[in-house]
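Sharing a sequence plus its predicted fold:
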Amino acid sequence: MRRWLPHPLMAGFLLLAWLLLRQSLAPATVASGVVIALGLAWAFGKLRPPRARVRHYSLLGKLLLRVLRDIVRSNLAVAWIVLRRRGRFTSGFVAIPLELTDHYGLAALACIITSTPGTIWVDHDSARNVLLIHVLDLVDEASWIDTIKQRYERPLLEIFQ
Amino acid sequence: MSAHLLVLPIVLPLLVAALQLLLGERRRRLVAALSVASCVALVLLAAALLVGVTGAAAGDGLTTVYRIGDWPARFGIVLVADRLSVLMLLLTAVLALALLPCALGRWQQPGGPVQPMFQFLLMGLNGTFLTGDLFNLFVFFEVLLAATYGLALHRPGARRVSAGLHYIAVNLLASMLFLVGVSLIFGVTGTLNMAALAQLIPTVPDNTRALLHAGAAILGVAFLVKAAMWPLGFWLPRTYAAATSPVAAMFAIMTKVGVYVLLRLSLLLFGNGAGPASAHFGDSWLLWGGMATVVVGVVGMLGARDLGKLAGYNVLISSGTLLGAIGLQHPAVTAGALAYLVISTLAIAAFFLLAGMLAPDDEAEATPLLEPYDPAGEALYADEDENRATLPAPVALLGMCFLVCALVLAGLPPLSGFLAKFALLAPMLETGAGRGAIALFTLVVVAGFCTVIAMCRTGIQIFWADEDWTFPPIRLGEAVSVLILLGSCLALSVWADAPLRYLAATAEQLHAPAHYIRAVFP
Amino acid sequence: MNHLDALPPWAAVMVGVLVLLGSGFAFVGSLGLLRLKDFYKRVHAPTLGTTFGAFFMLAGSIICFSVAHGRPIFYEILIGVFLTLTTPITLMLLVRAALYRNRVEEAQEPPRRTTLE
Amino acid sequence: MSHGFLAFAIVAAQYLLLLAMAFSIIRMVRGPRAQDRVLALDALYVNAMLLLLSIGIRTGSELYVEAGLIIALLGFAGTLAFSKFLLRGEVIE
Amino acid sequence: MPYDLAALAMLCLPFLASVVVLMVRGRQWATWLMIATAAACLLLAVGIYPAMDGGHALRHVVHWVPSLGLDLVLRVDGFSWLFLMLICGIGLLVGVYARYYMPPDDPLNRFCALLLAFMGSMLGIVMSGNVIQLVFFWELTSIFSFLLIGYWNQGASAREGARMALIVTAGGGLCLFAGMMLLGHIAGSYDLDVILAAGEQVRADALYTPMLVLVLLGALTKSAQFPFHFWLPQAMSAPTPVSAFLHSATMVKAGVFLLLRFWPVLSGTDAWFWLVGGAGLLTLLLGATAAVFQQDLKAVLAYSTISHLGLITMLIGLGSTLGAVAAIFHIVNHATFKASLFMAAGAVDHETGTRDLRRLGGLRHVMPITATLAVIASAAMAGVPLLNGFLSKEMFFAVALTTHRGPAVDMAAAAIAVLASAFSVVYSLRFALGVFFGPARDDYPRQPHEPPRWMRLPIGLLALACVLVGMLPARVIGPPLRAAAYSVLGEATPAFSLAVWHGLTPPLLMSAIALVAGCVVYVVLRGYFAGCETLPLLGRFSGRRIFEWMLTLLTATLPAALEGLFPSRRLQPQLLLIVLAASLAAGMAMWGSSLPLSLHGSGVDPAFALLWLLGGACAIGAATQAKFHRLAALLLTGGAGLVSCISFVWLSAPDLAATQLLVEVVTAIVILLGLRWLPKRISGMAPDSRRARLRRRRDMVIAAGVGLGLATLAYAAMLHPVADSISHFFLERAYTEGGGHNVVNVILVDFRGFDTLGEISVLAIVALTVFALLRRFRPAIESVDAPAQQRLQAAFEASDNGTASVVADYLRIPGLIVQLMAPVIVLFGLHLFLRGHDLPGGGFAAGITVSVALVLLYMARGARWVEVRLRVAPLRWIGAGLLLAVSTGLGSLAFGYPFLTSHSRHAYIPLLGELPLATAMLFDLGVFFVVVGATSLMLVALAHQSLRRPRVLGEPVVDAEGDR
Amino acid sequence: MEAVLALAIGVLAASGVWLLLRPRTFQVIIGLTLISYAVNLFIFCIGGLRTGADPVLRSGADITQYADPLPQALVLTAIVISFATTALFLVVLLASRGLTGNDHVDGKDGTP
């Protein structure tokens, strides 16, 4: 199984993407999709990526919803900041110590943080496992640290480690 | 198979190049063998086509047309082989074959895939000569230009690279002009097929005829850049002088490509059949521009102090002469011009080779700072400099070759240069001896005289005066190449009649474009 | 615009609103890019475009085409996915680069790591 | 009526997006720092993609979404190269 | 018939012999071969004499290039026979002489070969019955004389003389060439007989004068007439046999031969009289006077030759038939005595080792025989009675007295004739007495004694000839002379008597005066002559000075001036010229015609206008930023590209949009990769001068003009779309025959697949070139080591140890994401490829996409990281792609269809259903391969430059395998 | 539309030409890129402009509805070729910079 399908997740995602791209479920499409997906997954394997092991898919969905909610909120917030005249607000860097070490987890965290407006992933020090982010509207650091750790890191930990 | 003969001169080199790429440089012998095979095959092909086109009575030989992809001529791309194209094919093939011994000798050193490049160049040349479609012409121009970039930059050194930079920049600009011109013509006539254009041009409505002419003019400039007409040809002498000798020798035909296209298009599109408004469009420009080119070339040649430059300016002179001759628009003169084209190409090629043999290639590669890079995955192109068998230069042989070259270039007897000059000049008097004709006549004679002066000085300098002139040891291949080229010149002067008849017929055919059109649209 | 006329009114209104919202957010984002004072602030602005802007616009076109062709078309979802995957990469590197350059210019000292301000 | 609104909405959206692009370009020209310019390019790409989508909706052929897809998928390559150049002084090490 | 063959043999033999001589070993064989050949030719010449009695002309045609009216016509009549005899006879003697004269250590192969070849070409001149053929051999003689003069090329004077001779005579030859073409044009044929028959017509023609001038230029340069006389003395640095043969007997006579040959056609006009006669007269005087003042033996002879040639020319120019006869006669006489004199001088030089008159004298004691012979010869030159010189000189006087152009001219001519011959007496005396008489001296460089017999023999024979002709002219020279005269003049041949004694006639008186005057002058002024170095008054080598001056003008001044005028080494002027030329051409083509540029056309969409406002801003921004903010310029260019791709979409061309986008991304990356190697530019680095500002303004104007022009053209073209474009055809057939919905793609891979084939080859070639250039790429020293950023970083990490490196970290997460994205991008590429035929996309787009995925990996993970994991062999990809594309095209040949004929059908495959299959897809696959290979080859090769290890000089190059 | 596009082409070409005449290699290459944009648009617009036309064949739509495909095909070829040549030019200018030590088009610095 592993031999033939080294990266099931990747293969699956590729197949899905293929079907979406081709916009059809004709047997020919599916067949070609399977072939291509397997081939590409194999090629991906040649790159020797770190192993991915996803534990709770349910949590994944919950996290996704949570992120979406945050995105909505921060979108409005940032939009407001941009639009209002002579707004006084301070922005700055926040350093957050992490437990999360799994690459995929970190990657997910990066995507989350960066794609929510108002926060940006700046740097991650693998040695000290400290994350550095930049916040647009920085009120107090502690709360931010807390938010990140509680809302995002915890579930990611559970999912990936 | 004979039906498909026409496409092979283009496809064969491409095929060979692809194979050579797949073989890589590890199998040098095989690669070289492939090159030789393809060149021989090209000569044979050209000969076969020659037989084909000379089948019918002189004047209008049979023009064979090949419809690529089996699409009707007006819409698809056609290849057309008439006497002129076949002539150019043959010239190219012979030149390539003659240069091969020298080139193989030189190209054994590493320096990237030169042999495929050479094949690509042949493909581009043949395509340019065969295609009957304006945009396809552009594509093949690009092919051969790209190949020349590659060859001109072979074994880069400071001089070569900066010359190449200029060459490329100029030609890129020219290509842009080419595109603009083609698209304008297409916009006005709605077709790209040359024969169809020839049919349509008389019927172009007057309100867009100006656009047509603008397009033609821009196109013309693009070609003139390639044909190195003054003042568009300053790039030429430096580039050619900088290139390694076999490459430069092959370049001897490059300017002729521009000349060929001008000849073809000016006679096909703007010949007598083009209606009152467009007939003989731009002839006088060709005539006087050509003369200016000759003047500049002559002066430059007189001033040139090294062999490469000397040869380069000779290229200028010959292409200027040809342009002027085309400008006269007279069948007999055209025939003479063709003769001159063939002879000068061969002679200049030989002269470039000689230059390479007489003056050592000072443009050795700059000492590398870094270790060479080889692509990951494949360790092609290892660097072993294998030294070919060289023989101490027999000065007498070199001297004789130089003398012969000089004679041919100056148009002095006994070799074919004299005949070519005669064939070119004598008809000029028959054209009713207009102002232009007389001027060109005089100019060509004077140019011959100045060539004598320049060659005489250089020859004396090298062979008599300079006691401690170091003749680098020459490779056998080089000698063979030169001898082949000069031998062909000699042969052309002994058995001159049949070729000249052929050329006369060719000129007739060119001046009667109706024939071409009929061939494409039966 | 015949194919748009083919849309049922509700769909038309919906698409219109979504399109307006999307473009609006993108607009605001770029405005922020223009107005905000220093780089670190500006970095945040375009995210609006990549999140909400893209989201609404894609939703709009999904609805539009699905209704128009009478079958569900999720084609555009891919765009969203790719966008969310790719924007972080560039932004991270960009901020990193900015940080580095600022550090270098302030004092010829290389960027200190986590301990900032 | 509703279709009139849709038509208007699309046109308005296009103007908004064009303005957005304009802002990004202004930022690109103004700088002041290289990173600002690169950021502006990124934004420009995103806005362009949205514009393409809007055109797609207007002309009703999802072919134009293709171009949008290309931007979404590959547009970042250029930006990545630029930022890497800023960071390391060369694109590939 | 045998006569024809003999003539042909006479022409071919020398050339063949010269080739053979080059082969044989050693001087013995060479010289013997030469002598034998000359003898054979002489015999042949004698043998064919009967062929032309009764004024017949032997004529033999060998077809060469009839299509140009250019055949090898051998034509021998009395006149040319005389020359044949001269050439072969003197050739033979010179050959014998040279064998002993030339230094023994010289293997004479080259010399003999050249001499023979020259002889052959000389025979060719006199025998040619076709004027172009005549020019042919004419130029050959110039070339061989060049090589012979330069035979001893160690000496600078030899080189100078050779060069001068070649340039003058060959230049004259080219003029003759032109003149002959004109003549042929006038007469309507290049055949000599036709031309000779067409005398009236030629003289009447409008082009007569230019033609005459050109022909005369040829003739006068060849036989060293004023003002071209200066090359002959220079040519004296040739070995003496050469001087004897070429520069006294034969080659210099070619000019006068030509004049006589065309005498019936060209003479008889005023132009002829004044030009030829004048040139002859001036030369006669100049040569004679100059000869008197020379100190070098050979120089004396050279100038005397000039003056005698002048005499002959003058005779021809006077235009009377008797003059012509006299000219012919004197040609023969002069050849005999001058050749012998040269050989004698050579003998003296050979024996004593000097040629300086002031150092010679009294040689008759040591070499009496030579002395006698030389004295006889010089007496002949002086025109002493009972020698041949006397006879022709008398004829000359007779002619001079009767030019029939008024008494004044007659008097002048007579006076000058006497004066000149007086001078000739003087220099003859100087030669004879100065060398052989007077006290014997023993201060010679070498101890002189009689030269070997074989060296004296030729001199003796020639002297004998002088005597014989002088004593019994009618018997010896009469018949051939008549024949020659007849063949030139035809019926007009005058009656002339060849007798020593005509009674007391004015000519006799004149020669008496000349003799006496000459002796007196010599006796009185000998000391003065011996004293002076150069010719007093009229500076000696005026002609030569002018020549040198013109040469320097041509070869140095002019080119320099041109170079200054057009700085051909700089790129900017060239590009400027091209741009200007294009705009000018377009402008002039459109001039006058009124393009109706009305403002109709589809209404302007303000949004589109706004879009292009942005595009324009980007373009201009890029233009302004490109010098100091390269990055900004690059970004702005990207912006402009983006805008143009949006407008492609706007104008419903999604294919273009996609391709443009992809290409843009790749281009940006490529240029960025290159940017690392360019030098840093800091704003205001070079404070620009006023000239620079002016230039910039000028360029701005030009650029604006070009833009405006192009805009106008585009607008006009858009307003007048052609009525019936061929596009309809494509739209109709795209699906039915091309088997695809996406017309553009079908055009690319099917209708115009040939273009695509060329296009991918361009891509392949460029990739190969880039690769070849980058393999041994040599960066500038200052940009070899890592960029500043990296150096700082590295230094820092080195400083505070313990912390993990930034380099390791900063790309970890982004790299991972990219790694995840890569397969997706490839997938997308495949999708683009597959849909290409029906919807936008296709092989090219797909290829670029895939290679972008690869490059992303490189950027995110670094080259080494990738290459350890993936083996990309771009060259193989390129080769395979090309092969695939071509073989797809060739496949159709197998079915008898033309190249690249596509075949498409919708095949039904069980449980997969209907599938569209077209051979064009295969072709497209080839495109895909090539694009992937080429693009990745370029990018990877560029990327690798910063990985190459600096090379320790001297260490041999090892394969870069070591890197991994 | 036509006027706008024509002006756009003009502006692109003008900036391109201006850069082409500059002495620095980098300026020249940017100029070439801009000019090629202009030329692509030029070729494209020669076929006449169509907004909102269907780029691919739909069954049963009449021919005149489509944009002229041939110029598009030509542009595609032109794009590819100009891409290739630009890359080549870049590498050559790098080589010349490496060998001559400066980035002047003539390889010798000084003339502005």
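Nice, thanks for sending it over.

model confidence over the lengthiest helix in chain F, on average?
With DSSP state H setting the assignment, residue counts place helix F:69-100 as the longest helix in chain F. Model confidence over helix F:69-100, given as mean pLDDT, is 90.

Equivalent analysis for stretch E:162-176, please.
For stretch E:162-176, the per-residue pLDDT values average out at 92.

Stretch E:421-435 too?
pLDDT averaged over stretch E:421-435 equals 88, rounded to a whole number.

ok, back up a step: say whether chain B is contacted by the longest helix of chain F.
Yes. In this structure, helix F:69-100 sits against chain B according to CB under 8 Å from any CB of the partner chain; the contacting residues are F:70-71, F:74, F:77-78, F:81-82, F:84-85, F:88-89, F:92-93, F:95-96, F:99-100. Every residue, glycine included, has its C-beta placed from N, CA and C.

show me the contacts for the closest residue to chain A within the stretch 401-550 of chain E.
The minimum distance from the stretch 401-550 of chain E to chain A, using CB to the nearest CB, falls at E:M550 (75.9 Å). Residues near E:M550 by CB atoms under 8 Å, 6 or more residues apart in numbering or on different chains: none.

Next up, identify which helix or strand it is on.
For E:M550, the enclosing helix or strand under DSSP states H and E is helix E:542-552.

Flag every buried residue along that helix.
E:G543, E:R544, E:F547, E:L551 (16 or more other CB atoms under 10 Å in any protein chain shown).

ok, the last one touching B:I453?
Yes. Counting by CB atoms under 8 Å, E:L551 sits close enough to B:I453 to count as a contact (7.2 Å).

Now list whatever residues contact both of these two.
Applying CB under 8 Å, 6+ apart, one finds that E:L551 and B:I453 are jointly contacted by E:I167.

Report the residue ranges of every domain in chain E.
For chain E, the structural domains run E:1-266, E:268-541, E:741-964, going by automatic domain parsing.

so which of the ones you listed comes closest to B:L125?
Of all the domains of chain E, domain E:741-964 sits nearest to B:L125, with 12.3 Å by CB to CB.

still on that earlier bit, okay if I get the buried residues of helix E:542-552 as a markdown table plus pLDDT?
Output for these, formatted as a markdown table (pLDDT from 0 to 100):
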| residue | pLDDT |
| --- | --- |
| E:G543 | 71 |
| E:R544 | 76 |
| E:F547 | 82 |
| E:L551 | 84 |
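
Wait, a strand at E:R75?
Yes. Assessed with DSSP: H, G, I helix; E, B strand; the rest coil, E:R75 lies in a strand.

Leaving out the residues flanking it, which one is nearest to it?
Counting by CB to CB, 6 or more residues apart in numbering or on different chains, E:R75 lies nearest to E:G129, which is 2.9 Å off, once chain neighbours are set aside.

For chain C, give the helix that spans the most residues.
helix C:77-106.

Check the model's average confidence along that one for me.
Per-region confidence: helix C:77-106 scores 84 on mean pLDDT.

in chain C, what spans have low per-residue confidence?
Across chain C, the stretches falling below the confidence threshold (pLDDT under 70) are C:1-2, C:106-117.

can you count the residues close to the closest residue in space to C:F39 that isn't next to it in sequence?
When the adjacent residues along the chain are set aside, C:F39 lies closest to C:A98, with 5.3 Å between them (CB to CB, 6+ apart). With neighbours defined by other CB atoms under 10 Å in any protein chain shown, the count for C:A98 comes to 26.

how about the residue nearest the centre of chain A, what does it touch?
Of all residues in chain A, the one closest to the mean position by CA atoms, centre = their mean is A:A108, 2.4 Å from it. Residues in contact with A:A108 (CB under 8 Å, 6+ apart) are A:L156, A:F160.

just the helices in chain C please.
C:2-5, C:9-35, C:39-48, C:54-69, C:77-106.

buried sites along the longest one?
What that stands for is helix C:77-106. By neighbour count with 16+ other CB under 10 Å, helix C:77-106 contains the buried residues C:78-101, C:103-104.

so who does the closest residue to E:L634 other than its chain neighbours touch?
Leaving aside its chain neighbours, E:L634 sits nearest to E:I671 (5.9 Å; criterion: CB to CB, 6+ apart). Under the criterion of CB under 8 Å, 6+ apart, the contact list for E:I671 reads E:L634, F:I29, F:L90.

go on, C:F39?
C:A98, D:R33, D:Q35, D:D36, D:L39.

Count the neighbours of the closest residue to A:N129 other than its chain neighbours for me.
Among residues not flanking A:N129 along the chain, A:L98 sits closest, at 5.2 Å (CB to CB, 6+ apart). Counted with other CB under 10 Å, residues neighbouring A:L98 total 19.

Quick check: phi and psi at A:L98.
phi -120, psi 160 (degrees, to the nearest 10).

Could you double-check that it sits in contact with A:R128?
No. Under the criterion of CB under 8 Å, A:L98 lies out of contact with A:R128, with a separation of 9.4 Å.

State the helix or strand in which the closest residue to chain D within chain A lies.
Taking CB to the nearest CB as the measure, the point where chain A comes nearest chain D is A:L21, at 8.3 Å. Element membership for A:L21 (DSSP H and E) is helix A:8-22.

touching chain C at all, that helix?
Yes. Using CB under 8 Å from any CB, we find that helix A:8-22 touches chain C at A:A17, A:L20, A:L21.

Since that was my last question, I'll sign off now.
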